[in-house]
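Visitor: task: produce atomic coordinates for the following.
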Amino acid sequence: METTAGLTFRDATDADVDALVALVESAYRGDDSRAGWTTEADILEGQRTDPEGVLAVIKSPDSRLLTVERDGQVVACCQLEHRGTYAYFGMFAVSPTLQGGGLGKVIIAEAERIARETWGVTEMHMTVISVRDDLVAWYERRGYRRTGEMTPFPYGDERFGVPQRDDLQFELLVKRLV
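Guide: Model (predicted):
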């Protein structure tokens, strides 16, 4: 467990699954997500994740699901997955009512530090829905660069949501960790 700026970072456990699913859903889907700026409610309906998906990340030997607490409450999370020379950053969620206050910057910096120190990786990779211009711009301000490398959105697989438009795809963003 590590503490940064009044936050406690720890690896998620099985007992955190329900709270983490609720957090991720609240940050991206439905009306609750509109309280923050990371909402995908206008482009995707349905679920963002489920208990099985969260538990799979917790149990994976190459992943860590960092749980971030403030005053004993789960306020954010992110997945780090070791993939050889780089780490994959995903499942990043900050409570919608706390977005816009600098919390995300602190969390992503700590995640990068942990990945670098734990696995000795030299890059962080992530995928972002390419039409999320505001989100891509936020990551670019954190040093991530667009690669133009696209992956299709899994249309027809409702585990990832129900698309409200037909042009969704994921773009790979990369940051060199020094």
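
Visitor: K175 belongs to a strand?
Guide: Yes. Counting by DSSP: H, G, I helix; E, B strand; the rest coil, K175 is part of a strand.

Visitor: helices of this protein, start to end?
Guide: Counting by DSSP state H, the chain has helices at residues 17-28, 51-59, 103-119, 133-141.

Visitor: looking at those helices, which is buried most?
Guide: Highest mean neighbour count among the helices of the chain (mean count of other CB atoms under 10 Å): helix 17-28, with a mean of 20. For the C-beta atoms, the positions are set from N, CA and C on the backbone; glycine is no exception.

Visitor: need the contact partners of it.
Guide: 12, 32-33, 36, 38-41, 44, 47-51, 54-55, 58, 65, 67, 74-77, 91, 93-96, 99 (CB atoms under 8 Å, 6 or more residues apart in numbering).

Visitor: tell me the centre residue of the protein?
Guide: F92 (1.7 Å; CA atoms, centre = their mean).

Visitor: close enough to count as contact, that one and C78?
Guide: Yes. Between F92 and C78 there is a contact at 4.3 Å, judged by CB atoms under 8 Å.

Visitor: next, show the common contact partners of those two.
Guide: I107, I108.

Visitor: do you have the strands of the protein handy? List them.
Guide: 2-4, 7-11, 44-45, 63-70, 73-83, 86-94, 123-129, 145-152, 162-163, 169-176 (DSSP state E).

Visitor: the residue of the chain most remote from its centre: what's it in contact with?
Guide: Distance from the C-alpha centroid of the chain peaks at D166, with 22.9 Å (CA atoms, centre = their mean). By CB under 8 Å, 6+ apart, the contact list for D166 reads Y155.

Visitor: use 48 as the first number from now on
Guide: Yep, numbering from 48; the last one is D213 now.

Visitor: low-confidence ranges in this structure?
Guide: 48-52 (pLDDT under 70).

Visitor: now the helices of the chain in JSON lines, with distance to L224?
Guide: Converted to JSON lines, the helices of the chain look like this (distance: least, CB to CB, whole Å):
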{"stretch": "helix 64-75", "distance to L224": "25"}
{"stretch": "helix 98-106", "distance to L224": "21"}
{"stretch": "helix 150-166", "distance to L224": "5"}
{"stretch": "helix 180-188", "distance to L224": "14"}
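
Visitor: quick one: which of these is nearest T55?
Guide: helix 150-166 (10.9 Å; CB to CB).
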